[in-house]
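Undergrad: I'll drop the sequence and a predicted model, then ask my questions.
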Amino acid sequence: MAQQSIDYGNMMHRAMRSLISEVLTRISKEGLPGAHHFFITFDTQHENVELSDWLRTRYPDEMTIVIQHWFDALEVTEDAFSVTLNFGDQPEHLKVPLDSIRTFVDPSVEFGLRFETQDDEDEAPVSDDLPAKNIDDATEATTEHKDADVVSLDSFRKP
């Protein structure tokens with residue numbers, strides 16, 4: 001049976017997750033070049049997210065981490081990445097499935113990806129200004145950064 005249409009939205013999401021995986025794999029091997037750093041927001045309710053109980057309690061819906069000055073044990077698999085970050089002088093290991101990621105931003109080069117969900121369609125239009133929410137003291141967000149260019153998939157969605 002032939003498909004009714006080409007699902008460009010899901011195909012684009014897979015391609016964007018592949019790009020994130022490739023970038024993180026490179027960083028795990030070579031480290032962060034220059035001023036590059038990442039704000040990664042993910043859904044903490046995703047069934048395969050692994051984080052400590054106190055972090056899950058503090059961030060029950062979503063969490064933004066920053067990979068910049070201090071991170072350790074960054075490992076990337078086909079469908080997830082894991083990393084140890086410092087939260088208030090307390091190292092915490094996280095595992096983040098690629099399909100739990102909501103935004104991926106590298107403000108040093110004004111690059112950003114946002115993964116649309118069905119819930120997003122009911123909300124206000126996507127803004128190019130992606131604030132870094134829920135960043136803990138130790139993840140050291142930069143105070144000066146440029147807005148990122150966000151790739152929106154709304155134009156690929158069926159009405």
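TA: Arrived safely, thanks for sending. Residues are numbered from 1 along each chain as shown.
Undergrad: Which of the three states applies to the residue nearest to the spatial centre of the chain?
TA: With distances taken as CA atoms, centre = their mean, the chain has Ile40 as the residue nearest its mean C-alpha position (3.1 Å). When states are read from DSSP: H, G, I helix; E, B strand; the rest coil, the local structure at Ile40 comes out as strand.
Undergrad: Can you give me the buried ones in stretch 96-106?
TA: Using 16 or more other CB atoms under 10 Å as the test for burial, stretch 96-106 gives 96-98, 100-106. Glycine gets a C-beta too; all of them are placed from N, C-alpha and C.
Undergrad: For those residues, work out which two are farthest apart.
TA: Considering CB to CB, no two members of the buried residues of stretch 96-106 lie farther apart than Pro97 and Asp106, which are separated by 20.1 Å.
Undergrad: what helix or strand is Leu74 on?
TA: Under DSSP states H and E, the secondary-structure element containing Leu74 is strand 72-76.
Undergrad: who's the spatially closest residue to Ser82 that is not a sequence neighbour bridged to?
TA: Of all residues not flanking Ser82 in the chain, Lys95 sits nearest, at 4.3 Å (CB to CB, 6 or more residues apart in numbering). Lys95 forms beta bridges with Glu50, Ser82, as assigned by DSSP bridges.
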